[in-house]
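Colleague: For reference, the sequence and a predicted model appear below.
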Amino acid sequence: MATEWREFRLGDIAHLRKGVSYQGAYLDRPGPRLLGLGTVTPGGGIKLDDARTYSGPIRAWQYIAPGEMLIALTDITQDGRILGSPALVPASAEGLFAVTHHVARVELTAPDKADTRFLFYLLQAPVARAYMRGVATGTTVRAVSVADAEAYKASLPPLDEQRAIAHILGTLDDKIELNRRMSETLEAIARALFKSWFVDFDPVRAKSEGRDPGLPQPLADLFPDSFEDSELGEIPKGWRVGELGDVADHPRRGVQPNEIEPSTPYIALEHMPRHSITLRAWEIADGVVSNKFVFRRGEVLFGKLRPYFHKVGVAPIDGVCSTDIAVVKPRQEDWFGFVLGHVSSEAFVEYANAGSTGTKMPRTGWGDMARYPVALPPELLARAFDARVRPLVTRLVAGIHEGRTLAALRDTLLPKLVSGELRVKDVEHFVSEVA
């Protein structure tokens, strides 16, 4: 290691300020948003949309500003993936924020010795995370004391090198974040188009009122100019009432544990985000001990256990999944967009949840899902919709793989850069080409 690197305790360069021991009576009332365990992601991000407002008393040091860092002192997950995790409040975040007692605000006290973003990456390194897990106490709930966290020792390079290292790793993170935002945009476009065509029937409504539907003429001609009554209410003239099972299937490709190659991608419910069809996370099937379903790239995965969690996504790879997940595919490829639009919709999730059985762990099944009533358009229109949605999904899946590649590169470089094993000049040109 270079001789200019010097060893510090975390407490020498920063103070950890524990947050609010909040009271439930003050939650969801006007006030700042609370950032705690429920808002911290394993990768060091913060889910601002999950932050609840709080009107109770808050000390001055318990507020946290955009660009500042917090660290999770508590974890209730079995693998400790949140314990000791640092997270940065996005610089673009608007409004007031405070931290809960499960986390601590990291107050930098030596800005001449440490850079906040470098410190964020330093605390993300495996050696730092292992230290935090090692000094944690408790059984069901594991926690790190402020004193033990501040006792963590690490070597820091000069400030200019810290900033250069943070810039390299930040460039990769920024590209990953850009991919994530692009995925959100692509999803929003697909949802809006589906709702317009097959829920609100906007082109039909426009034509019936003598307005321009705003579509190319060949496409506009596929929509009728009037409605007719049905058991679903008004539907476009010439469409028919059917069920999801008319155009979608649930291929039950069961497989025994001893038939699964250990390197096979494996998706369980915990890998699936809520309210997003972008499936970025999976593991390998090494060690699975129960039956699974086989799925193929491009098929739709629906979380049928506690369906109200709204876990629906497009498989970005071939693999196997938990039997708590239903694999859904169109009966004909041209109906993929239509099937995806319905299965990932709020209306379908509410329907599946209403028909689920069980109290603590309600579950739906394909039999009920297949009976979901839908207004079926002519095949030419389904094909035209698919031709517009499928490229969006293709770009979304490509972004998943690019993001995973960038994340793997960042995870490889991070411990080597923050420890001095690799120097900035050795990687900056390579990273600029990749990102």
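Modeller: Looks like it came in fine.
Colleague: Roughly how far does the residue nearest the centre of the chain sit from residue 310?
Modeller: What sits nearest the mean C-alpha location of the chain, by C-alpha atoms, centre = their mean, is residue 273, with 4.8 Å. Distance, residue 273 to residue 310, by C-beta to C-beta, to the nearest Å: 9 Å. (C-beta placed from N, C-alpha, C; glycine too.)
Colleague: other SSEs contacting the lowest-mean-pLDDT helix or strand in the chain?
Modeller: The helix or strand of the chain with the poorest confidence is helix 424-434; it has a mean of 76 (mean pLDDT, DSSP states H and E). Counting contacts by 3 or more C-beta pairs under 8 Å, 6 or more residues apart in numbering; DSSP states H and E, helix 424-434 packs against helix 159-198, helix 379-419.
Colleague: and the residue sitting furthest away from the middle of the chain, which of the three is it?
Modeller: Going by C-alpha atoms, centre = their mean, the residue of the chain most distant from its centre is residue 210, 42.4 Å out. Counting by DSSP: H, G, I helix; E, B strand; the rest coil, the backbone at residue 210 sits in coil.
Colleague: tell me the pLDDT at it?
Modeller: Looking at residue 210, its pLDDT is 95.
Colleague: Now it. Its backbone dihedrals?
Modeller: With angles defined as degrees, to the nearest 10, residue 210 sits at phi 80, psi 20.
Colleague: Kindly provide the distance from it to residue 23.
Modeller: Residue 210 sits 58 Å away from residue 23, taking C-beta to C-beta as the criterion.
Colleague: circling back to that earlier point, counting neighbours, show which residues of the least confident helix or strand of the chain come out buried.
Modeller: For helix 424-434, burial by neighbour count (16 or more other C-beta atoms under 10 Å) applies to 424, 427, 431.
Colleague: Which residue, other than its chain neighbours, is closest to the last one?
Modeller: Pointing back at residue 431 there. Nearest residue to residue 431 in three dimensions, chain neighbours excluded: residue 168, at 5.3 Å (C-beta to C-beta, 6 or more residues apart in numbering).
Colleague: Number of residues surrounding the one you found?
Modeller: Applying other C-beta atoms under 10 Å, we find 23 residues neighbouring residue 168.
Colleague: domain assignment for this structure?
Modeller: By the assignment in automatic domain parsing, the chain contains the domains 6-156, 157-238+377-435, 240-376.
Colleague: picking that back up, report pLDDT for the residue nearest to residue 431.
Modeller: 95.
Colleague: likewise residue 2?
Modeller: Note for residue 2: predicted pLDDT of 49.
Colleague: Am I right that the residue nearest to residue 431 is in contact with residue 413?
Modeller: Yes: the criterion here is C-beta atoms under 8 Å, and residue 168 meets it with residue 413 at 7.2 Å.
Colleague: where do the contact lists of those two overlap?
Modeller: Common neighbours of residue 168 and residue 413 (criterion: C-beta atoms under 8 Å, 6 or more residues apart in numbering): 427, 431.
Colleague: Next up, identify which helix or strand residue 91 is on.
Modeller: Residue 91 is part of no helix or strand when elements are defined by DSSP states H and E.
Colleague: Who are the contact partners of the residue nearest to it when sequence neighbours are not counted?
Modeller: Closest residue in space to residue 91, ignoring its immediate chain neighbours: residue 67 at 4.6 Å, by C-beta to C-beta, 6+ apart. Residues in contact with residue 67 (C-beta under 8 Å, 6+ apart) are 88, 89, 91, 116.
Colleague: which residues touch the second one?
Modeller: Spelled out, that is residue 89. Taking C-beta under 8 Å, 6+ apart, we find residue 89 in contact with 35, 46, 64, 65, 66, 67, 68, 69, 70, 97.
Colleague: Please save the CA atoms from stretch 329-340 in CSV.
Modeller: In CSV, the C-alpha atoms belonging to stretch 329-340 read as follows (Å, rounded to 0.1, in the frame of the first residue of the first chain):
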residue,chain,number,x,y,z
LYS,A,329,-47.0,-16.8,-21.4
PRO,A,330,-49.2,-15.9,-24.3
ARG,A,331,-50.8,-18.6,-26.3
GLN,A,332,-49.6,-16.8,-29.4
GLU,A,333,-46.6,-14.6,-29.4
ASP,A,334,-48.5,-11.6,-30.9
TRP,A,335,-50.5,-11.4,-27.7
PHE,A,336,-47.5,-10.9,-25.4
GLY,A,337,-48.0,-7.2,-24.9
PHE,A,338,-51.7,-7.6,-24.2
VAL,A,339,-51.0,-10.4,-21.7
LEU,A,340,-48.2,-8.5,-20.0
